[in-house]
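After the sequence you'll find the predicted model.
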Amino acid sequence: MRPASHNGAQDHFEAVIVGSGFGGSVTAYRLAEAGKRVCLLERGKPYPPGSFPRSPLGFSQNFWDPSRGLYGMFNVWNFSGIDALISSGLGGGSLIYANVMIRKDEHWFVHDGGENWPISRADLDPHYDRCESMLGVQKYPLDDEPYASTRKTLAFRDAAQRLGYDWFLPDLAVTFANEGEAPVPGEPIREEHPNLHGRTRYTCRLVGECDVGCNYGSKNSLDYNYLSAAKRHGAELRTCCEVKAFRPRDGGGFEVDYVVHEPGSEGSEPAPATITTDTLVLSAGTLGSTFLLLSNRDAFPSLSPALGTRFCGNGDLLTFALRCREEINSDFGPVITSAIRMGDAADADGSTGRGFYIEDAGYPSFLSWMLQAADEPRALWLWRKAALRILVKWIQRKPQPDVSGAVSSFFGDAALSAGLLPLLGMGRDVPEGRMHLHDGLLDVDWSKDGASKPYFEKLRDTMHALADELGGHFQDNPLWWLSKVITVHALGGCPMGRDPSEGVVDNWGRVFGVPGLYVADGSVMPGPVGPNPSLTIAALADRFADGIIEGRPQP
C-alpha cells in the first residue's frame, strides 16, 4: 500500500479501480487473480486491528472532511429529505457495516414500480455462492453459550414470533469459530494466508463494536479477504488517494487524476498525480461514483440521460423500543444478530404493499458517553440546531451537503438504558430520487413523503407493534421529526438498464457509449435491494469481473 509517486511520471495499468468497498475490492481481486496489472485507489487510510478510535476525542476526529484536517472513517452527507452515512478507509463500507449477508429475494427482481432489473436471481446465485465463501459467513451461534444468553436476540425473537412474523438468523460476515470447531469468544483466528495488516485476528468478543470498527479483527471486513487476496496476486493498493477527474486517453483507455492526502500534515496541499489505464472501474459508492460521472460529464457526452436517477435509501429507517419490559442489554453480541422479513405484493402469496426487513440492533457500551437517550429532549434540540445551520446555508444559497465536520461535534454524556433496543428497517422503497450538481456540489431530490410514503407507514407501524410487544415505548429517531430519514444504504444514480434510455450501465456494468468504463457499486442498482445490499453489490461486482476477464464486447 504505497503512496502514489510524485515525480510526475504517469503509471499505466491494465485496470484502475476507484474505491475499495464491496464493488471495488471484489473487482480488484478478480482482475488481479486473472493476471491483470491492477491499481486500486482509495481516498481513506488503512485500519489495522486496534487502530479504530475509542475515546471521545478520537471519535470527534474520526470523520472525513479534509478541508478541516479530518481524515477519518465516517462521512455524513446532508440533503433536503435524507442524510447518508458512508465510509472512507481501505475496505470502504465494510469497516462500519453491520455484517449482514442476505441475498436479494428472487421475487424482488421486479420490472415495475420505477424499477426494471435486467438480471435475475438465477444470474447472481453462482456469484452469491462465491462471495459468501470468500467472506466467510456464519450464523449467530444462538444454541451455544455465551451466545444463547444474548437478551436482545431472545427478546426480539419472542416478540416477533408472538406477532406471527417470519424471524430468522441471517448469515453474518463475522468469525465466531474457527472452521470445524465450536464457537468461543476471543480465540485467535487461523488464516490460510496472512492478512495485509500482518496482525492476528480474534473470534467475536460480543462487544457490539461492528459499526465503529472492530479492533479485534473478528469482522470479516474486505481488508482481511478480498483486498488481502488482491494484494497477494499483485494488485497495487494506494491509500489516501482521492480521484478528482478522468477523461478519455488518446489511443484508448483513460487518464485518471487524483490527489494524495497526507493525514497529519496540516496546511499542506495534497499532491496531484495522474495514472493511465485501459479499463477504468468506478467503485466509489452511490454518492462517489455518481458525483464523479456528473462532474466529468463534459468529457463523456454520450453518457445516458439516466445518470443521477433511481436514487433511493434502500428503505432505511431507524427507530427505538425504549424502556422495554425486560432487560435488553444491546451492548452484548454483534450489532445485528437476527431479522424478520415482511411480505411484498411481488411474493404472489397474498402479501400486499412493498416488503421490508427489520433487524435487531446494538451498540458498544463505551458509547454511553456519546449517545443521547433517544427520548431526551436534548437530542432533538441538538438535531434542530444542526438543521438550523443547514437551513441558513440553504437560504444563503450555500448548500452544505457534506456535514461530517459539523456532526463530529455532536457528542455528549448520557447513560444508556438497559431496556433500549434500536430497530433497523430496510426494504423496497420507491427509487424516485434524482442526484444532480448544484453549484458544483452533489445534491439529491428525494422525500419520504413521496411515492414511498405508504412503504414507510407500513414499516413504522410494524416497528411500533414490535416495541409494544416488547413492553416498551416506541420512539422515532429525531430526524423523523424533521421530515427526514438517514440511510446507510444509498443506492442508484448509475442504474443498470437494457439500453441508454433506461440505464447508465448494462447488466455487465459497462457504461453505455464509453468502451472500457465500468461502474461496480451500489449506484448500479435500478431500485432497492431490500435486505442489506452489501452481498448483492459484491455478487454483481463478481459477475461484472467475469465480463471484463472474458473480454465481452461493448453493447
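Received the coordinates, thanks. Numbers count the residues shown, from 1 in each chain.

okay but Asp542 is in contact with Leu31, surely?
No - in this structure, Asp542 is not within contact of Leu31 by C-beta atoms under 8 Å, at 11.1 Å. For every residue, glycine as well, the C-beta is placed using N, CA and C.

Low-confidence regions, this protein specifically.
For the chain, residues meeting the criterion pLDDT under 70 lie at 1-10, 267, 366-417, 555.

Next up, phi/psi of Asp65, please.
Main-chain dihedrals, Asp65, degrees, to the nearest 10: phi -160, psi 80.

Bridged to it, which residues?
In this entry, Asp65 is beta-bridged to Leu70, by DSSP bridges.

What is the neighbour count of it?
Neighbour count of Asp65, defined by other C-beta atoms under 10 Å: 20.

Over to Asp144?
Neighbours of Asp144 (other C-beta under 10 Å): 13.

Ok, the one 3 residues further on next?
Residues lying near Tyr147 (other C-beta under 10 Å) number 20.

Quick check: closest non-adjacent residue to it.
Distance criterion C-beta to C-beta, 6 or more residues apart in numbering; nearest residue to Tyr147, sequence neighbours excluded, is Pro141 at 4.8 Å.

With Gly471 instead?
That would be Arg325: by C-beta to C-beta, 6+ apart, it lies 2.6 Å from Gly471.

do you know how far the one you found is from Tyr165?
18 Å (C-beta to C-beta, to the nearest Å).

So for the two, which sits in the more crowded spot?
Tyr165 (20 against 13).

The closest residue to that one other than its chain neighbours bridge partners, please.
Leaving out its chain neighbours, the residue that sits closest to Tyr165 by C-beta to C-beta, 6+ apart is Ile340, at 4.4 Å. Beta bridges link Ile340 to Trp167, Ile358, judged by DSSP bridges.

Ile340 touches Ala160, doesn't it?
Yes - assessed by C-beta under 8 Å, Ile340 is found in contact with Ala160 at 4.9 Å.

Next, show the common contact partners of the two.
Asp166, Trp167 (C-beta atoms under 8 Å, 6 or more residues apart in numbering).

Excluding covalently adjacent residues, which one is nearest to Arg162?
Using C-beta to C-beta, 6+ apart, the nearest residue to Arg162 is Glu469, at 5.9 Å.

Quick check: the gap between the one you found and Glu145.
26 Å.

These two: which has the busier surroundings?
Glu469 (20 against 8).

Enumerate every residue touching the more buried one.
Per C-beta under 8 Å, 6+ apart, neighbours of Glu469: Ala159, Ala160, Arg162, Leu163.

Torsion angles phi and psi at the nearest residue to Pro526 once chain neighbours are set aside?
Take Pro526 and drop its neighbours on the chain: the residue closest to it by C-beta to C-beta, 6+ apart is Pro495, 4.1 Å away. Torsion angles at Pro495 (phi, psi; degrees, to the nearest 10) stand at phi -60, psi 150.

now swap in the one 4 residues further on and tell me
Backbone torsions for Asp499, taken as degrees, to the nearest 10, come to phi -160, psi 170.

which stretches of the stretch 51-200 of the chain form strands?
64-65, 70-71, 74-78, 82-87, 100-101, 138-139, 166-168, 171-172 (DSSP state E, counting those that start in this stretch).

err, the stretch 201-350 of the chain, not the other one
236-238, 241-248, 254-260, 271-282, 317-322, 339-342.

Now render the ones you listed as TSV, adding distance to Ala299 and mean neighbour count.
Below are the strands of the stretch 201-350 of the chain laid out as TSV (distance: least, C-beta to C-beta, whole Å; neighbours: other C-beta atoms under 10 Å):
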stretch	distance to Ala299	mean neighbour count
strand 236-238	22	22
strand 241-248	4	18
strand 254-260	9	19
strand 271-282	12	21
strand 317-322	38	24
strand 339-342	43	21
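
So for Gly522, which of those sits nearest?
strand 271-282 (11.5 Å; C-beta to C-beta).

Looking at the chain, which residue reaches furthest from the middle?
The C-alpha centroid of the chain is most remote from Gly251, which lies 36.0 Å away (C-alpha atoms, centre = their mean).

what's the spacing between it and Thr276?
From Gly251 over to Thr276 the distance is 10 Å, taken as C-beta to C-beta.

What of Arg238?
14 Å.

Could I get the contacting residues of the closest residue to Arg341 other than its chain neighbours?
In space, and not counting its chain neighbours, Arg341 is closest to Asp166: 5.0 Å by C-beta to C-beta, 6+ apart. Contact analysis of Asp166 by C-beta under 8 Å, 6+ apart lists Ala160, Ile340, Arg341, Met342.

now, among these, which is nearest to Tyr226?
Of those, the one sitting nearest to Tyr226 (C-beta to C-beta) turns out to be Arg341, at 27.6 Å.

was I right about the closest one contacting Tyr357?
Yes - with contact defined as C-beta under 8 Å, Arg341 counts as touching Tyr357 (5.4 Å).

Ser302: neighbour count?
Neighbour count of Ser302, defined by other C-beta under 10 Å: 9.

Once you drop chain neighbours, what's closest to it?
Closest to Ser302 by C-beta to C-beta, 6+ apart is Gly513, at 3.2 Å.

Next, name the residue at the spatial heart of this structure.
Gly93 (4.4 Å).
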